[in-house]
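Asks: only geometry, no sequence info:
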């Protein structure tokens, strides 16, 4: 969000909540926070992330504040060559 430590703490909390909530979905494998956060703040090709973590899809996103509202953008990318053929978006 910004260089503000309070905003970074907020966005990390949102990320942790998303990871926790997704891990509760039966049949969905979710990579742990410690593994996924190693990419935080780094410019890494999303397919490299998928290969490193041995996953078919990667969620990436951002959150920003405008005045008193927060806006989130989330993108799911199929990173495994077969995932596009097997998975519905």
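Replies: All right, it came through fine. Everything quoted here is computed from the prediction, not taken from an experiment.
Asks: which stretches of the chain form strands?
Replies: Under the criterion DSSP state E, the chain carries strands at the ranges 57-66, 69-78.
Asks: a markdown table for those strands, including distance to residue 49?
Replies: Using the backbone N, CA and C atoms, a C-beta is placed for each residue, glycine as well. Formatted as a markdown table, the strands of the chain follow (distance: least, Cβ to Cβ, whole Å):
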| stretch | distance to residue 49 |
| --- | --- |
| strand 57-66 | 5 |
| strand 69-78 | 9 |
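Asks: what stretches of this protein score poorly on pLDDT?
Replies: For the chain, applying pLDDT under 70 flags the ranges 1-2, 81-89.
Asks: Mind listing residues that contact the longest helix along the chain?
Replies: The helix that spans the most residues within the chain, counting by DSSP state H, is helix 5-23. If you take Cβ atoms under 8 Å, 6 or more residues apart in numbering as the criterion, helix 5-23 is touched by 1-2, 28, 30-33, 36-37, 59, 63, 65, 72.
Asks: how close does the residue of the chain positioned farthest from its centre sit to residue 45?
Replies: Distance from the C-alpha centroid of the chain, by Cα atoms, centre = their mean, peaks at residue 67 (24.5 Å). Counting by Cβ to Cβ, to the nearest Å, the gap from residue 67 to residue 45 is 34 Å.
Asks: Please apply the same query to residue 75.
Replies: 14 Å.
Asks: What is the neighbour count of residue 59?
Replies: 16 (other Cβ atoms under 10 Å).
Asks: so who does it touch?
Replies: Contacts of residue 59 (Cβ under 8 Å, 6+ apart): 18, 22, 74-76.
Asks: mind redoing it with 6 Å?
Replies: Residue 59 is in contact with residue 76, counting by Cβ atoms under 6 Å, 6 or more residues apart in numbering.
Asks: The one 4 residues further on too?
Replies: When the contact criterion is Cβ under 6 Å, 6+ apart, the partners of residue 63 are 11, 14, 70, 72.
Asks: If you drop the residues flanking it in sequence, what lies closest to residue 71?
Replies: Excluding the flanking residues, the one nearest residue 71 by Cβ to Cβ, 6 or more residues apart in numbering is residue 64, at 5.4 Å.
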